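S.K.: What follows is a predicted structure for the sequence shown.
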Amino acid sequence: MDSINNILANKDFNEPNDVEKLKSYIEELYNLSVRVQVITKGYLIITPNSSLASAIRLSLPNIKKRLDIDKEIYIRTG
């Protein structure tokens, strides 16, 4: 049986490229930073206010097409 050290030593803890692309694109477009989490069904974008969440929701098809993201994207304020 492998020890926890051996298992974690081989694990990649870097963010996926899609997460980095989402964060940077939204920050560049709206000049506000968001948090992006990887969830089972796709990605969760956590915005600081509801107006940004609405703006992102309206441009979501364009964002997914431009960044070539095929997973679902969910938006939440928090």
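M.R.: Yep, it's here.
S.K.: how about the strands of this protein, start to end?
M.R.: Ranges of strands within the chain are 35-39, 42-47, 72-77, based on DSSP state E.
S.K.: distance between the last one and the chain's centre?
M.R.: Averaging C-alpha positions (CA atoms, centre = their mean, to the nearest Å) puts strand 72-77 9 Å from its chain's average.
S.K.: same question for that strand, mean pLDDT?
M.R.: For strand 72-77, the mean per-residue pLDDT is 96.
S.K.: now the first one
M.R.: Averaged across strand 35-39, pLDDT comes to 94.
S.K.: Which one of the strands of the chain lies nearest to Ile26?
M.R.: Nearest to Ile26, of all the strands of the chain, is strand 42-47, at 7.2 Å by CB to CB. (Each C-beta comes from the backbone N, C-alpha and C, glycine too.)
S.K.: Return the list of helices and strands in contact with the closest one.
M.R.: Judged by 3 or more CB pairs under 8 Å, 6 or more residues apart in numbering; DSSP states H and E, strand 42-47 is in contact with helix 17-30, strand 35-39, helix 50-58, strand 72-77.
S.K.: Parallel or antiparallel, list what pairs with the last one.
M.R.: In this case it means strand 72-77. Paired strands of strand 72-77, with direction, are strand 42-47 (parallel) (DSSP bridges).
S.K.: Buried residues, the helix or strand bottoming out on mean pLDDT in the chain. List them.
M.R.: Counting by mean pLDDT, DSSP states H and E, the chain has its least confident helix or strand at helix 4-9, which shows a mean of 78. By neighbour count on 16 or more other CB atoms under 10 Å, the buried set for helix 4-9 is empty.
S.K.: Would you pull up how far that helix lies from the middle of the chain?
M.R.: Centre to centre, stretch against its chain (CA atoms, centre = their mean), the figure for helix 4-9 is 26 Å.
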